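>>> Could you work out the structure for the sequence below:
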Amino acid sequence: MVELTWRKSTHSGSGDQCVEVAALPEGGRAIRDSKNPDGPMLMINRSEFTKFVQGLHG
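Okay, the predicted model is just below:
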């Protein structure tokens, strides 16, 4: 298993009420709740992540 490097947005501030994202080897992304780092994560491919980010920017 590859060790993931998690990061959160610089807009998140100092709180832990956000999501974290990690790059996957094949170009997709893993997403998790920063309050529960050992909990479940959502793994999506590159095109799904692109659509996700585009949706955030409306």
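>>> so who does the residue nearest the centre of the chain touch?
Taking Cα atoms, centre = their mean as the criterion, V21 is the residue nearest the geometric centre of the chain, at 2.1 Å. By Cβ atoms under 8 Å, 6 or more residues apart in numbering, the contact list for V21 reads W6, R7, K8, R29, A30, I31. Where you see a C-beta, it was placed from the backbone N, CA and C, and this is true even at glycine.
>>> which SS class is it?
When classified by DSSP: H, G, I helix; E, B strand; the rest coil, V21 comes out as strand.
>>> what's the lowest-mean-pLDDT helix or strand in the chain in contact with?
Least confident helix or strand, the chain: helix 46-56 with a mean of 90, by mean pLDDT, DSSP states H and E. Residues outside helix 46-56 that contact it (Cβ under 8 Å, 6+ apart) are E26, G27, G28, R29, I44.
>>> closest to Q17 among the residues you listed?
Among these, R29 lies closest to Q17 (Cβ to Cβ), at 19.7 Å.
>>> beta partners of the closest one?
On the basis of DSSP bridges, R29 is bridged to A23, I44.
>>> Just list the residues touching it, thanks.
Applying Cβ under 8 Å, 6+ apart, the residues near R29 are V21, A22, A23, M43, I44, R46, F49.
>>> mind running it again at 7 Å?
Under the criterion of Cβ atoms under 7 Å, 6 or more residues apart in numbering, the neighbours of R29 are V21, A22, A23, I44, F49.
>>> could I get those residues as CSV with distance to L56?
Compiled in CSV, those are given as follows (distance: Cβ to Cβ, whole Å):
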residue, distance to L56
V21, 12
A22, 17
A23, 18
I44, 13
F49, 11
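>>> ok, of the residues you listed, which one's closest to S12?
Closest approach to S12 among the contacts of R29 (Cβ to Cβ): V21, at 11.1 Å.
>>> Phi, psi for the closest residue to V19 other than its chain neighbours please.
Excluding its sequence neighbours, the residue lying closest to V19 (Cβ to Cβ, 6 or more residues apart in numbering) is I31, at 5.5 Å. Main-chain dihedrals, I31, degrees, to the nearest 10: phi -130, psi 140.
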